[in-house]
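[1] Using only what follows, build the 3D model:
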Amino acid sequence: MVKNSHNLRIAIVHEWLTVYAGAERVLEKMLDCFPEADLFAVVDFFPEGKRDVIRNKPVVTSFIQNLPFAETKYRNYLLLMPLAIEQFDLSAYDIVISSSHAVAKGVITGPNQLHLCMCYSPIRYAWDLQHQYLRESGLDHGIKGWVARMMLHKMRIWDVRTGNGVDGFMAISNFIRRRIRKTYGRDATVIYPPVDVEAFSVNREKEEFYLTASRMVPYKKMDLIVEAFSSMPDKRLFVIGEGPDFEKIRAKAGSNVTLLGYQPHEVLADYMQRAKAFVFAAEEDFGIAPLEAQACGTPVIAYGKGAALETIRGLHQSDPTGVFFQEQSAEAISDAVVEFEANAEKIAPEACRNNALRFSPERFRAEFTSFVVEAAELFFGAK
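    Below you'll find the model as predicted:
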């Protein structure tokens with residue numbers, strides 16, 4: 001007899017609760033689907049004003065929660081996280097859903113428990129991005145470099161082993177689906193993350209400036225965007241975001257580039273609605289900001305790798321929504337801006353908006369719920 005999944009006890013294991021970012025947006029909608037689920041995380045330092053996102057649920061945390069400086073330096077305990085995640089006693093639950101981009105999928109479950117993983121990515125810095133991570137961290141040489149390589153080697157062994165404990169993978173894009181297959185030898189069902197498209201409205205009257213917005217960390221390549229526009233003094237660029245690279249990026253900004261730092265949603269939405277185009281240079285696993293821009297009817301100039309190829313329609317496609325560049329360099333970005341301006345009339349605000357609507361929260365909730373319910377019926381019905 002097939003059990004009703006709504007009568008089963010569900011646990012959701014999230015990596016760490018510290019900020020409201022992409023993974024937390026997904027977690028929020030997961031809890032909308034299964035509000036009765038209990039919540040676990042390696043650490044929980046979620047701001048008090050944001051706890052409604054997790055329905056003000058109590059969170060079971062690991063021993064890392066109580067280690068020195070964990071609130072701000074929790075990432076420094078990465079090598080302890082596999083041990084920490086394995087200490088969660090989930091034996092009382094029928095279904096365990098891991099929300100994982102690092103260690104959450106490493107929870108221990110038994111043969112009578114269904115473990116489903118929403119995988120944002122296999123651990124990026126342990127797999128195909130290892131060499132980039134070591135360079136950007138200054139760990140590509142010397143004794144510290146060899147220690148880092150050995151630790152990442154051990155992390156890879158653990159990561160592959162824990163992949164065997166997952167009964168079903170969900171991937172946030174086809175790009176990540178391919179990475180899961182390459183890393184774990186497993187297939188995954190693509191369920192795109194939810195984008196709050198209704199929080200943005202279309203503005204058909206665009207102004208003579210470009211916009212980029214992101215955390216200022218190395219892989220986002222914000223410095224290349226600023227370099228590109230600084231070499232085009234006749235084009236205006238506004239930059240929204242903050243992060244460790246802020247001062248480095250500001251030093252490269254010409255007089256036509258304005259760095260606004262962190263801005264609240266209302267300001268970001270206003271700039272997105274009025275911008276001529278949104279510029280995005282990262283190779284992303286999914287990428288919410290380009291879809292928010294399209295929800296405003298704003299075209300996107302993006303690096304043509306990763307999930308951008310799934311969320312933006314290029315000039316060669318019907319109802320295009322943007323222009324791609326094929327190299328992460330200031331010159332390639334400049335060339336893409338020129339190409340965009342020569343073809344801007346081919347991109348309609350309505351096409352951008354309609355493309356963004358494909359990624360609505362309603363669509364996510366329906367697909368995620370269906371995946372969990374069908375997996376539960378198959379798993380428990382076979383017993």
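[2] Using the three-state scheme, assign S98.
    The three-state label given to S98 by DSSP: H, G, I helix; E, B strand; the rest coil is strand.
[3] So it versus E24, what's the distance?
    For S98, the distance to E24 equals 15 Å [CB to CB, to the nearest Å]. The C-beta positions use only the backbone N, C-alpha and C, and glycine is treated the same way.
[4] and the next element down the chain from the helix or strand harbouring V13?
    Secondary structure assigned from DSSP states H and E places V13 in strand 10-17. Past strand 10-17, heading to the C-terminal end, the next element that is a helix or strand (DSSP H and E) is helix 22-33.
[5] What is that following helix packed up against?
    Counting contacts by 3 or more CB pairs under 8 Å, 6 or more residues apart in numbering; DSSP states H and E, helix 22-33 packs against strand 10-17, strand 95-100, helix 361-381.
[6] ok so, going back, between S98 and E24, who's got more neighbours?
    S98 (26 against 19; other CB atoms under 10 Å).
[7] Can you name the residues that contact that one?
    I12, V13, A104, K105, V107, H115, L116, C117, M118, V166 (CB atoms under 8 Å, 6 or more residues apart in numbering).
[8] Next, count neighbours for P111.
    P111 has 5 nearby residues by other CB under 10 Å.
[9] Does it belong to a helix, a strand or coil?
    What three-state DSSP gives for P111 is coil.
[10] Give me the distance between it and F40.
    Going from P111 to F40 by CB to CB gives 20 Å.
[11] before we move on, what about P361?
    23 Å.
[12] mind listing the strands for the stretch 1-150 of the chain?
    With DSSP state E, counting those that start in this stretch as the criterion, the stretch 1-150 of the chain has strands at 10-17, 38-44, 59-61, 95-100, 114-119.
[13] out of those, nearest to L79?
    strand 38-44 (12.5 Å; CB to CB).
[14] Tabulate the helices and strands packed on helix 22-33 (JSON lines), appending mean pLDDT and distance to A307.
    Shown next, in JSON lines, are the helices and strands packed on helix 22-33 (pLDDT from 0 to 100; distance: least, CB to CB, whole Å):
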{"stretch": "strand 10-17", "mean pLDDT": "96", "distance to A307": "20"}
{"stretch": "strand 95-100", "mean pLDDT": "97", "distance to A307": "17"}
{"stretch": "helix 361-381", "mean pLDDT": "95", "distance to A307": "15"}
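[15] Please identify the deepest-packed of the ones you listed.
    Comparing the helices and strands packed on helix 22-33 by mean neighbour count (mean count of other CB atoms under 10 Å), strand 95-100 ranks first with a mean of 26.
[16] right, and the helices and strands packed on helix 22-33 - which one's nearest A330?
    Of all these, it is strand 10-17 that lies closest to A330, at 33.7 Å by CB to CB.
[17] contacts for the closest one?
    Against strand 10-17 from outside (CB under 8 Å, 6+ apart): 23-24, 27, 30-31, 34, 36-46, 54, 59, 74, 85, 88, 90, 93-104, 107.
[18] Pull out the buried members of those residues.
    Buried subset of the contacts of strand 10-17 (neighbour count, 16 or more other CB atoms under 10 Å): 23-24, 27, 30-31, 34, 37-44, 46, 54, 59, 74, 85, 88, 90, 93-104, 107.
[19] Stretch 288-302: how far from the chain's middle?
    With CA atoms, centre = their mean, to the nearest Å as the basis, stretch 288-302 stands 16 Å off its chain's centre.
[20] end to end, how far does it reach?
    13 Å (CA to CA, to the nearest Å).
[21] What residues sit buried inside that stretch?
    For stretch 288-302, by 16+ other CB under 10 Å, it's 288-302.
[22] Which ones among the residues you listed lie within helices?
    When these are checked against helices (DSSP state H), the matches are A289, P290, L291, E292, A293, Q294, A295.
[23] How about the contacts made by the closest residue in space to S214 that isn't next to it in sequence?
    Closest residue to S214 apart from its sequence neighbours, by CB to CB, 6 or more residues apart in numbering: K220 at 4.5 Å. By CB under 8 Å, 6+ apart, K220 lies in contact with S214, A281, A282.
[24] Distance of R250 relative to Y271?
    18 Å.
[25] Neighbour count for the two, which is higher?
    Shown here are R250 and Y271; by other CB under 10 Å, Y271 has more neighbours (22 against 15).
[26] beta partners for the closest residue to that one other than its chain neighbours?
    Distances taken as CB to CB, 6+ apart put L211 closest to Y271, at 5.1 Å, once the chain neighbours are dropped. The partner list for L211 in beta bridges (DSSP bridges) reads F238, F278.
[27] which ones are touching L211?
    Counted by CB under 8 Å, 6+ apart, L211 has contacts L237, F238, V239, I240, Y271, M272, A275, A277, F278, V279, A293, T298.
[28] The fifth one and V239 touch, don't they?
    No - using CB atoms under 8 Å, Y271 makes no contact with V239, being 10.0 Å away.
[29] between the two, what contacts are shared?
    With CB under 8 Å, 6+ apart as the test, Y271 and V239 both reach L211, A213.
[30] Double-check that R313 belongs to a helix.
    No - under three-state DSSP, R313 falls outside any helix and is assigned coil.
[31] Could you verify my assumption that it touches G322?
    Yes - R313 lies in contact with G322 (CB under 8 Å); the separation is 6.9 Å.
[32] neighbour-wise, which of the two wins?
    Per other CB under 10 Å, whichever of R313 and G322 has more neighbours is G322, with 30 against 21.
[33] Would you agree the more buried one is in contact with I301?
    Yes - under the criterion of CB under 8 Å, G322 makes contact with I301 at 6.3 Å.
[34] Give me the common contacts of those two.
    Listed as contacting both G322 and I301 by CB under 8 Å, 6+ apart are A277, F340.
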